[in-house]
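Enquirer: generate coordinates for the sequence data below:
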Amino acid sequence: MTAQGFLQISIYIVTLLVLAKPLGVYMAKVYQDQPVGLNRWFAGIEKLFYRLSAIQPEQEMRWTQYALAMLLFNLAGLLAVYALQCFQDLLPLNPQALPAISPDSAFNTAVSFASNTNWQGYAGETTMSYLTQMLGLTVQNFLSAACGMAVLVALIRGFNRRNSNSIGNFWVDMTRGTLYILLPLSMILAVVLVGQGVVQTFKPYQNVMLLQSGSEQSISSPSAEEIQNGKPSTQTLALGPAAAQIAIKQLGTNGGGFFNANSAHPFENPTPLSNFLEMLAILLIPAALCHTFGVMVGDTRQGWVILAAMTLVFVALVFVAIPAEQAGNPVFSSLGADQTGSDRQAGGNMEGKETRFGIVNSALWAVATTAASNGSVNSMHDSYTPIGGMVPMWLIQLGEVIFGGVGSGLYGMIVFAIVAVFIAGLMIGRTPEYLGKKIEAYEMKMAAVIILIPPLLVLGGSALALMLDAGKASIFNPGAHGFSEVLYAFSSAGNNNGSAFAGLSANVPFYNFMLGLAMLVSRYGLMIPVLAIAGSLAAKKTVPVGPGTLPTHTLLFGLLLIVTVLMVGALTFVPALALGPIVEHLQMLGHH
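Expert: The predicted structure follows:
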């Protein structure tokens, strides 16, 4: 790796960690209803919303009530997005007169955006109207992100409260997270992105003349008369209100692209600065929430040790993925093929990557987007080397807890912390404690459910797809790589990431239904037991720290937490990875 590559990675990580503290403090004050400026200036809007919605903000909820409100709200959003897709041909803001979406694809997309997965089996610019993109997908980007943050805050309250039967008010947490955190950050980022050239318009698609003639140059084929007369052919440029969706897709760890090429598209991500800001936005809130957690539980060291554990795993895997891509494919080298392209000094595999970003920024994005349950891409993971592609796949399979989605990543990591203190308690024969609460059988049962659901969905779904003709029919790459594509698809859906090895043709009824089901269960099947843990902890008294209490703010606990996460991921998925990317890597080294 070149010095420039090290510098780019260092600037990114340092900037992220520097911003984590101030944003973390701000979010803690928002959820604790402390004055931070915005929540005083716009308090009238918040109160008006409560009155119009008949919400009693002071009324607390039991965990079962909180979970029910969350499920009903998400169901309403899912049905709204489904309806918008089915009737978009009859609705306004459809300048290209795009037809209605098929029922199976509409179901998959509705589930995907409601569950914060943003798996996309469609090409945005040829499928979705402006209204569907804005009122359906962009709105869900805000709401699904706010929902994950609300569940996290409810879990934190479980640690703070004692002998309580309530964990907060879902509607208040949703409102404050959206109004005071996601909206302001998204507005700032959207304006900056527009300044960098990201499109934001309601104009219809534009036909432009190409400088060189020839039908092979155009997306919309020229007429025979144009070709005969040697006239320049035209190309249709897809436009739309993209910047608003791009901002929240990154900040909310949603990831769904306005255009099919996602953040590799020049209208979504045109410059190195826009690339840096979008990549920073992917991890910004998940990193800052670690400090929010520390502030809200009254010990910032608890948040810092979790953030340190996340960062160490992230950095280690960055330095696996980037060298793997820079090493390239020895089969091509043996044939005398030039793999360097415009990244000549760094060398390596430029297939599927934008030359304006190069290998370092492409692979760094791939690791960040799969660490954060974001799923957006600025390069095509299907074209990565086997080890380069295995890194983002394994990050997803770890449970999306290395930063993870906004809210969901941290509550997943807290569950692993509960497991870690339980293991430590078994070693010394003492009832485990975490943040002053005894971890007993009920919490461990819920933690086991949370940890076991994603592997069941991923491995079970992949096995079923590979057994059935309907699943195998969409695999166009033979052998180990085709297996990797299926495994990646179910890993992405079963952990709510949304990225893909895009060589798999997944927009078919079988995959639309199976992946949609995986997204549903993995999102809400985990949220409910998390809320159950929150309710159980809130009802307990606080246990004072004693000489046998395991300190959970130390480097030792951070290492124990990392080992717990890695061991669960390794023991669960390494056998499957051995059949896909590991075999493919060995074949590549053997020049097959």
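Enquirer: what are the boundaries of the strands in this protein?
Expert: Applying DSSP state E to the chain gives strands spanning 206-209, 234-237, 433-434, 437-438.
Enquirer: among these, which is nearest S362?
Expert: Taking Cβ to Cβ as the criterion, strand 234-237 is the member of the strands of the chain that comes nearest to S362, at 24.0 Å. Every residue, glycine included, has its C-beta placed from N, CA and C.
Enquirer: list the buried residues of that closest one.
Expert: When burial is assessed from 16 or more other Cβ atoms under 10 Å, strand 234-237 yields the following buried residues: T234, T236.
Enquirer: got a list of what I450 touches?
Expert: The contact partners of I450, taken as Cβ atoms under 8 Å, 6 or more residues apart in numbering, are G412, V415, L526, P529, V530.
Enquirer: which residue, other than its chain neighbours, is closest to the last one?
Expert: Computed as Cβ to Cβ, 6 or more residues apart in numbering, the closest residue to V530 that is not its neighbour in sequence is Y411, at 5.2 Å.
Enquirer: cool, and the third one?
Expert: Nearest non-adjacent residue to L526, counting by Cβ to Cβ, 6+ apart: I450, 5.2 Å away.
Enquirer: how far away is that neighbour from G407?
Expert: The span separating I450 from G407 equals 14 Å under the rule Cβ to Cβ, to the nearest Å.
Enquirer: swap in L459?
Expert: Taking Cβ to Cβ as the measure, L459 and G407 are separated by 26 Å.
Enquirer: kindly report the same for P455.
Expert: On the measure of Cβ to Cβ, P455 and G407 end up 21 Å apart.
Enquirer: these two: which is more packed in?
Expert: The residue with more neighbours, out of P455 and G407, is G407; 32 against 20, by other Cβ atoms under 10 Å.
Enquirer: follow-up on the earlier one: run a quick neighbour tally on the residue nearest to V530.
Expert: With neighbours defined by other Cβ under 10 Å, the count for Y411 comes to 28.
Enquirer: quick check: it touching L152?
Expert: Yes. A contact is recorded between Y411 and L152 when judged using Cβ atoms under 8 Å, the distance being 4.7 Å.
Enquirer: apart from its chain neighbours, what residue comes closest to Q32?
Expert: Nearest residue to Q32 in three dimensions, chain neighbours excluded: M296, at 6.7 Å (Cβ to Cβ, 6+ apart).
Enquirer: count of residues packed around the residue found closest to S408 once you drop the neighbours it is linked to in the chain?
Expert: Nearest-residue entry for S408: G148, 4.3 Å, with adjacent residues in sequence omitted and distances by Cβ to Cβ, 6+ apart. For G148, the count of nearby residues is 29 (other Cβ under 10 Å).
Enquirer: same question, L284
Expert: The number of residues packed near L284 is 24, by other Cβ under 10 Å.
Enquirer: please name the residues that touch it.
Expert: Under the criterion of Cβ under 8 Å, 6+ apart, the neighbours of L284 are L16, L19, A20, L23, L185, L251.
Enquirer: next one, pLDDT for it please.
Expert: The confidence metric pLDDT takes the value 97 at L284.
Enquirer: over to G498?
Expert: 93.
Enquirer: can you tell me how far it is from K249?
Expert: Note on G498: its distance to K249, by Cβ to Cβ, is 10 Å.
Enquirer: touching both of those two, which residues are there?
Expert: Counting by Cβ under 8 Å, 6+ apart, the contacts common to G498 and K249 are N118, G255, G256, N374, S376.
Enquirer: and the third one, how far is that from M444?
Expert: Shown here: G256 relative to M444, a distance of 35 Å by Cβ to Cβ.
Enquirer: one step back: ok, the residue nearest to Q32 - contacts?
Expert: Going by Cβ under 8 Å, 6+ apart, M296 touches A28, Y31, Q32, V153, I156, R157, N160.
Enquirer: let's see that with 7 Å instead.
Expert: M296 makes contact with A28, Y31, Q32, I156, N160, according to Cβ atoms under 7 Å, 6 or more residues apart in numbering.
Enquirer: distance of it from L131?
Expert: The gap separating M296 from L131 is 38 Å, by Cβ to Cβ.
Enquirer: wait, isn't V391 in contact with I322?
Expert: No. V391 sits out of contact with I322 when judged by Cβ atoms under 7 Å, with a separation of 9.3 Å.
Enquirer: lowest-scoring secondary structure element of this protein by mean pLDDT?
Expert: Least confident element among the helices and strands of the chain, by mean pLDDT, DSSP states H and E: helix 224-229 (a mean of 50).
Enquirer: if we can go back for a sec, relative to G548, which of the contacts of L284 is nearest.
Expert: Proximity to G548 was ranked across the contacts of L284 by Cβ to Cβ; first place goes to A20, at 32.3 Å.
Enquirer: I'd say the closest one and A287 touch.
Expert: Yes. Counting by Cβ under 7 Å, A20 touches A287, with 4.3 Å between them.
Enquirer: which one's more surrounded, those two?
Expert: Residue environment comparison for A20 versus A287 gives the larger neighbour count to A287, 27 against 24, counting by other Cβ under 10 Å.
Enquirer: identify the residues contacting that one.
Expert: L16, A20, L307, F403.
Enquirer: any of those buried? List them.
Expert: Buried positions within those, assessed by neighbour count (16+ other Cβ under 10 Å), are L16, A20, L307, F403.
Enquirer: which of the residues you listed fall in helices?
Expert: Secondary structure from DSSP state H places L16, A20, L307 of the buried ones among the contacts of A287 in helices.
Enquirer: between those, which is nearest L137?
Expert: Out of these, the one with the shortest distance to L137 is L16. That distance is 26.4 Å, counting by Cβ to Cβ.
Enquirer: can you check the pLDDT for the closest one?
Expert: Per the predicted model, pLDDT is 97 at L16.
Enquirer: so it sits against L280, correct?
Expert: Yes. Under the criterion of Cβ under 7 Å, L16 is in contact with L280, at a separation of 6.3 Å.
Enquirer: related to what we said a few turns ago, among the shared contacts of G498 and K249, which two are most distant?
Expert: The two members of these with the most space between them (Cβ to Cβ) are G256 and N374, at 9.7 Å.
Enquirer: more crowded one of those two?
Expert: Taking other Cβ under 10 Å, G256 and N374 do not tie; N374 has more neighbours (35 against 28).
Enquirer: for that one, what are phi and psi?
Expert: Note on N374: backbone dihedrals following degrees, to the nearest 10 are phi -90, psi -60.
Enquirer: residues in contact with it?
Expert: Contacts were defined as Cβ under 7 Å, 6+ apart; by that measure N374 touches Q250, T253, G255, I282.
Enquirer: tell me the buried residues in stretch 297-308?
Expert: V297, D299, T300, Q302, G303, W304, V305, I306, L307, A308.
Enquirer: would you list the phi and psi of the nearest residue to P204 once chain neighbours are set aside?
Expert: Ranked by Cβ to Cβ, 6+ apart and with sequence neighbours excluded, the top spatial neighbour of P204 is P95, at 3.6 Å. When read as degrees, to the nearest 10, the backbone of P95 gives phi -60, psi -20.
Enquirer: what's around the nearest residue to F490 once chain neighbours are set aside, how many residues?
Expert: The shortest distance from F490 to any non-neighbouring residue, by Cβ to Cβ, 6+ apart, is to G461 (4.0 Å). Residues near G461, counting by other Cβ under 10 Å, number 23.
Enquirer: was I right to think G461 contacts Y488?
Expert: No. At 11.6 Å, G461 does not count as touching Y488 under the criterion of Cβ under 7 Å.
Enquirer: of all the strands of the chain, which one is nearest S536?
Expert: Taking Cβ to Cβ as the criterion, S536 comes closest to strand 437-438 out of these, the separation being 8.8 Å.
Enquirer: what strands line up against that closest one, and which way round?
Expert: The sheet places strand 437-438 alongside strand 433-434 (antiparallel), with pairing taken from DSSP bridges.
Enquirer: ok, back up a step: now render the buried residues of stretch 297-308 as JSON lines, adding pLDDT and distance to G352.
Expert: Rendered in JSON lines, the data for these read as follows (pLDDT from 0 to 100; distance: Cβ to Cβ, whole Å):
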{"residue": "V297", "pLDDT": "95", "distance to G352": "43"}
{"residue": "D299", "pLDDT": "94", "distance to G352": "44"}
{"residue": "T300", "pLDDT": "96", "distance to G352": "41"}
{"residue": "Q302", "pLDDT": "96", "distance to G352": "40"}
{"residue": "G303", "pLDDT": "96", "distance to G352": "37"}
{"residue": "W304", "pLDDT": "97", "distance to G352": "37"}
{"residue": "V305", "pLDDT": "97", "distance to G352": "37"}
{"residue": "I306", "pLDDT": "97", "distance to G352": "33"}
{"residue": "L307", "pLDDT": "97", "distance to G352": "31"}
{"residue": "A308", "pLDDT": "97", "distance to G352": "33"}
